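> my questions concern the predicted model and sequence given below.
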Amino acid sequence: MATPSHRRSLRTRRTIVVTAAVAAAGVGAGYLVLNANAAGTSVDLYHQTLAAKDGWASSGTGTTGGAKADAAHIFTVSTRAQLVKALGSASDTTPRIVKIKGTIDANTDDSGKKLSCADYSAGTGYSLSAYLKAFDPSAYGTSKLPSGTQEKARAAAQVKQAKNIVFKVPANTTVVGVPGTKAGITGGMLQVQSVDNVIVRNLTFAATQDCFPQWDPTDGDSGNWNSQYDAVTLRGATHVWADHNTFTDAPGLDTSDPTYYGRQYQIHDGDLDITKGSDLVTVERNQFTNHDKTMLIGSSDTDSVGKLRVSIHHNVWKGIVQRAPLARIGQIHIYNNYYDTTALNGYTLLYSVNSRAKAQVVAQNNYWKVSASQKLGKLFSGDGTGSIAGSGNLVNGTATDLVAAYNAANSKKLKTTVNWTPTLTAGLETSAKNLPTELATTTGAGVLK
């Protein structure tokens, strides 16, 4: 197997989220959403805010998104053009609520006409066949990145696609799917960059694809095709709550990708990447499925020290290959997640959690479902500098020290102590045993009403 790449390819109102029976028994029997505010009246889905102590995003000023939006800044959208208009300027900090009704296809023009990769490459001079001929390793070599006419053309075509499918989210914004409408975005990317206070909920992000991956012969031991566009990308963002979303490559699964230069022509990047000094993020009750590089925390080993504080809880990871998450530098709390490592649609697990670049990870009360052939030493990964502490993790219902299993099988050991103690732990369940059944019906898009 080729070496995997770890590069970045390119409060007056509260929602109290609790798990039934947690307070009494410490285990999850079901999921409730209770709305409360000072006046005792209910708060609708669109105005709900992150509960107190619910992960890192509740720190400081908390995360309220567009809860304070006036009537003029509450939008219901069902097309790409409407979504662009509703989001407005990325520099406008006016609170807004954007309700997505139905599925928006990002690869459409302003009139709704479907756009193809050929439409984006038109006029740039790019063609895949010419690109493959120009950078064939047997002639071009393997020591430098592509450059020249075809690389410039590829980059130009990629810019054209980006202008169409990247949606820039401003500060103080809630983007939420309308219940019962199969709300989501196909082929697009929400970009939360250098802004504060954003909520993303109840949406399915599907088939986010790069028409123009770049070949990098220096990436890994055999080179790699690297794509742009995460389904949701956080870059220098703070106070972000991602809740009850579904992330999937379907229907464009990796098994349909061709192979060039002996490597998969990878058109997918991350599902939810948290990079460039992003901080104070809570990721909860999402489903990640049918995907390779799922979640990257920290874009490089020199990303921002003192930031990248992320809480990841009550999510389902099923049919994923790696990065659940890959964590660098920050303080990351991973708790009450369910990892089903069964191979699905060609997606076969490489590892679940990777702690590197001195990351300080606490993995607590998670549940792994594994087959008899799965080696426990491969559920975790690291570079010899990262830490994973924690307890209460179960494998097929049995308490298992996964750090010890990893360290017994690898020379680059995971450290077992961290320099911080999680305190923002609302909803933490003291046992993971019920997670497979509980999270099956309480996670992902379409659950919230």
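Received, thanks. Numbers count the residues shown, from 1 in each chain.
> doesn't A162 fall inside a helix?
Yes: secondary structure of A162 (DSSP: H, G, I helix; E, B strand; the rest coil): part of a helix.
> residues contacting it?
With contact taken as CB atoms under 8 Å, 6 or more residues apart in numbering, A162 is in contact with 228-229. Yep, even glycine has a C-beta here, placed from its N, CA and C like the rest.
> where does the stretch 101-250 of the chain dip in pLDDT?
In the predicted model, the stretch 101-250 of the chain carries no residue with pLDDT under 70.
> all the strands of it, residue numbers only.
According to DSSP state E, counting those that start in this stretch, the stretch 101-250 of the chain carries its strands in the segments 103-105, 166-168, 173-177, 184-186, 189-193, 196-201, 204-206, 214-216, 224-226, 232-235, 238-243, 246-248.
> quick one: contacts for the residue of the chain most remote from its centre?
In the chain, counting by CA atoms, centre = their mean, A139 sits farthest out from the average C-alpha position, at 37.4 Å. Contact analysis of A139 by CB under 8 Å, 6+ apart lists nothing.
> that one and L428: what is the separation?
57 Å (CB to CB, to the nearest Å).
> got the CA coordinates for stretch 276-284 in CSV?
These are the backbone C-alpha positions of stretch 276-284, laid out as CSV (Å, rounded to 0.1, in the frame of the first residue of the first chain):
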residue,chain,number,x,y,z
LYS,A,276,-5.7,27.7,9.2
GLY,A,277,-6.0,28.5,12.8
SER,A,278,-9.7,27.8,13.2
ASP,A,279,-10.8,27.6,16.8
LEU,A,280,-13.7,26.9,19.1
VAL,A,281,-15.7,24.4,17.0
THR,A,282,-18.3,21.8,18.0
VAL,A,283,-19.1,19.0,15.6
GLU,A,284,-22.1,16.9,16.8
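> which stretches of the stretch 51-200 of the chain form helices?
Taking DSSP state H, counting those that start in this stretch as the criterion, the stretch 51-200 of the chain carries its helices at 80-87, 117-121, 128-134, 137-140, 149-165.
> out of these, which is closest to Y265?
Nearest of the helices of the stretch 51-200 of the chain to Y265, taken as CB to CB: helix 128-134 at 8.9 Å.
> so what's the gap between the closest one and the chain middle?
The chain centroid and the centroid of helix 128-134 are separated by 32 Å, computed with CA atoms, centre = their mean, to the nearest Å.
> counting contacts, what elements does it pack onto?
helix 149-165 (3 or more CB pairs under 8 Å, 6 or more residues apart in numbering; DSSP states H and E).
> rewinding a little: can I get the helices of the stretch 51-200 of the chain in TSV including distance to G277?
Shown next, in TSV, are the helices of the stretch 51-200 of the chain (distance: least, CB to CB, whole Å):
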stretch	distance to G277
helix 80-87	22
helix 117-121	30
helix 128-134	33
helix 137-140	35
helix 149-165	22
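> just checking, R328 touches S304?
No: if you go by CB atoms under 8 Å, R328 and S304 don't touch, sitting 9.8 Å apart.
> which of those two has more neighbours?
In this view R328 and S304 are compared by other CB atoms under 10 Å, and R328 has more residues nearby, 27 against 17.
> which residues touch the more buried one?
297-301, 303, 308, 356-359, 386.
> hey, what's it bridged with?
R356 (DSSP bridges).
> for V43, report the pLDDT, please.
On pLDDT, V43 comes in at 77.
> how near is it to V175?
On the measure of CB to CB, V43 and V175 end up 17 Å apart.
> these two - which one has more neighbours?
V175 (30 against 16).
> quick one: the more buried one from A363, how far?
29 Å.
> cool, K307 as well?
Counting by CB to CB - K307 and A363 are separated by 20 Å.
> same question, N345
Relative to A363, and taking CB to CB, N345 is found at 26 Å.
> do the same with G188
From G188 across to A363, the span is 32 Å (CB to CB).
> residue closest to the middle of the chain?
Centre-most residue of the chain, counting by CA atoms, centre = their mean: L272, 1.6 Å.
> go ahead and confirm that one touches V281.
No: with contact defined as CB under 8 Å, L272 does not reach V281; the gap is 9.3 Å.
> need the overlap of contacts for the two.
By CB under 8 Å, 6+ apart, the residues touching both L272 and V281 are 234, 242.
> start to end distance for stretch 280-291?
Using CA to CA, to the nearest Å, the end-to-end distance of stretch 280-291 comes out at 25 Å.
> distance between that stretch and the chain's centre?
With CA atoms, centre = their mean, you get 6 Å for stretch 280-291.
> circling back to that earlier point, more neighbours: which of K307 and A363?
Taking other CB under 10 Å, K307 and A363 do not tie; A363 has more neighbours (24 against 20).
> quick one: Q322 and L350, what's the gap?
4 Å.
> comparing those two, which residue is more hemmed in?
Between Q322 and L350, Q322 has the larger neighbour count (other CB under 10 Å), namely 23 against 16.
> and the more buried one, how far from Y126?
Taking CB to CB, one finds Q322 at 30 Å from Y126.
> and what of D301?
On the measure of CB to CB, D301 and Y126 end up 32 Å apart.
> higher neighbour count, the two?
Higher neighbour count among D301 and Y126: Y126, with 24 against 14, using other CB under 10 Å.
> wait, the more buried one touches T149, no?
No: taking CB under 8 Å as the definition, Y126 is not a contact partner of T149, at 9.5 Å.
> send me stretch 369-376 as CSV with only the CA atoms.
Provided in CSV are the C-alpha atoms of stretch 369-376 (Å, rounded to 0.1, in the frame of the first residue of the first chain):
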residue,chain,number,x,y,z
LYS,A,369,-17.5,-1.9,15.5
VAL,A,370,-14.8,-4.1,14.0
SER,A,371,-14.6,-7.3,12.1
ALA,A,372,-12.5,-10.3,13.3
SER,A,373,-9.9,-9.5,10.7
GLN,A,374,-9.5,-5.8,11.7
LYS,A,375,-6.2,-5.2,13.7
LEU,A,376,-6.9,-3.0,16.7
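> what about it, average pLDDT?
The average of the pLDDT scores along stretch 369-376 is 94.
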